[in-house]
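A.B. asks: below is the structure, and that's it, no one-letter string:
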Ligand SMILES: Cc1ncc(COP(=O)(O)O)c(C=O)c1O
């Protein structure tokens, strides 16, 4: 009997999990010797696949110096350098980096920053957030409160979570909300262009741009949750071009270690300056800026830029479009592709029941949920491997 409690699982009926004993390139190796192409990059983070020599070496070098020291009153080269690099590559004006250990906590940090920003500026009453329906921002309390209120995983906790405002990606709806409630709203948070765990919904860059303008007009901060979209997933380095606060995670360390970065603009950061602690940001996860995680992130970014990953992503995009767009079969409602993300939406979750086992038998690791079957492959995937993933995804619907 396993003592492990698995995520998002009914432990009474959960099928036996597959045991991984090794992982190399895009493949997971199982206990029984079988190899599976990881079509979803271990929840979207393993962008270089597994066992990357350069990241391994960076970790070994850092480990021999030191693995971790607190950032309270101490600093170190990997954290300093990573902050500098993130400022260099992120949208202009995001000059200040606060590290934490997961995307969820990175979002909590962003939300606390936004609330305190207004207080520090002497503006009272802005404690609420606006967010998009069908969004997902993590499993901690604050992040859950801005996740989809109805269909998301968190409707169970309705009475427990702070009540927030939700809109569809529609500028009229957003302006109506802001006209009435902007005095209560600290920030608007969204996953730019691609809403992941809420069902892989895409929306237009016109909405994103308009939303940024409305935030400015009505005095609401704009939080870009790029935990999933950051590092090329939608086709560009980041999905948004402007934000007051931006959160990165997942692919930040190339999928090696937990790390998030909450980047803030000068305007946000400066509001925390003063003579006393009263205005300071009182937050500090024990493992923030972990030296191993920062070293992995630096190596990951170096590879990303040197190997021109954006070009690889553009090629993945072409193949996904060729393979998935226009695909029709019983139970399939729609297919869509953005950047290195390909989705088959089914009429209901029942229509893809059994696809995980079907794919595993054919050498592909998928993890569908709600009514979507998707791939977000490691960027190093070969054309042949990617076509195999898409073929397996489609064949399931032909056969069933
Ligand atoms: C957009 C987005 N934000 C936040 C998170 C939470 O990140 P983590 O699982 O590292 O806490 C996720 C995770 O799926 C995510 O997709």
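C.D. replies: Cool, got the structure. In this text, all values refer to a predicted model and were calculated from it rather than measured experimentally.
A.B. asks: what helix or strand is residue 131 on?
C.D. replies: With secondary structure defined by DSSP states H and E, residue 131 is part of strand 128-132.
A.B. asks: repeat for residue 294
C.D. replies: Using DSSP H and E, residue 294 sits within helix 291-306.
A.B. asks: now for that helix, which elements pack on it?
C.D. replies: Secondary-structure packing of helix 291-306 (3 or more Cβ pairs under 8 Å, 6 or more residues apart in numbering; DSSP states H and E): helix 53-65, helix 77-89. C-betas here are computed from N, CA, C, even on glycine.
A.B. asks: including mean pLDDT, mean neighbour count and distance to the ligand, could these go into TSV?
C.D. replies: Conversion of the helices and strands packed on helix 291-306 to TSV gives the following (pLDDT from 0 to 100; neighbours: other Cβ atoms under 10 Å; distance: least, Cβ to the nearest ligand atom, whole Å):
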stretch	mean pLDDT	mean neighbour count	distance to the ligand
helix 53-65	98	15	18
helix 77-89	98	17	16
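A.B. asks: how about the ones you listed, which one is nearest residue 335?
C.D. replies: helix 77-89 (31.3 Å; Cβ to Cβ).
A.B. asks: which strands or helices does that closest one pack on?
C.D. replies: Applying 3+ Cβ pairs under 8 Å, 6+ apart, we find helix 77-89 packed against strand 94-100, strand 260-265, helix 291-306.
A.B. asks: closest to the ligand out of those?
C.D. replies: Closest of the helices and strands packed on helix 77-89 to the ligand is strand 260-265, at 6.6 Å (criterion: Cβ to the nearest ligand atom).
A.B. asks: what's near enough to touch the residue of the chain found nearest the ligand?
C.D. replies: The ligand sits closest to residue 103 of the chain, with a gap of 2.3 Å, by Cβ to the nearest ligand atom. By Cβ atoms under 8 Å, 6 or more residues apart in numbering, the contact list for residue 103 reads 137-138, 225, 227-228, 247, 249-250, 260.
A.B. asks: ok, now with 7 Å
C.D. replies: The neighbourhood of residue 103, defined by Cβ atoms under 7 Å, 6 or more residues apart in numbering, consists of 138, 227, 247, 249-250, 260.
A.B. asks: same check on residue 199?
C.D. replies: By Cβ under 7 Å, 6+ apart, the contact set of residue 199 is 134, 370, 372.
A.B. asks: with respect to pLDDT, which of those ranks lowest?
C.D. replies: Lowest pLDDT within the contacts of residue 199 is found at residue 370 (92).
A.B. asks: quick check: chain neighbours aside, which residue is closest to that residue?
C.D. replies: Leaving aside its chain neighbours, residue 370 sits nearest to residue 199 (5.1 Å; criterion: Cβ to Cβ, 6 or more residues apart in numbering).
A.B. asks: kindly report the same for residue 335.
C.D. replies: The shortest distance from residue 335 to any non-neighbouring residue, by Cβ to Cβ, 6+ apart, is to residue 324 (4.5 Å).
A.B. asks: right, and that neighbour touches residue 338 too?
C.D. replies: No. If you go by Cβ atoms under 7 Å, residue 324 and residue 338 don't touch, sitting 11.2 Å apart.
A.B. asks: rewinding a little: neighbour-wise, which of the contacts of residue 103 leads?
C.D. replies: Taking other Cβ atoms under 10 Å as the neighbour criterion, residue 247 ranks highest of the contacts of residue 103 with 31 neighbours.
A.B. asks: cheers, nothing more for now.
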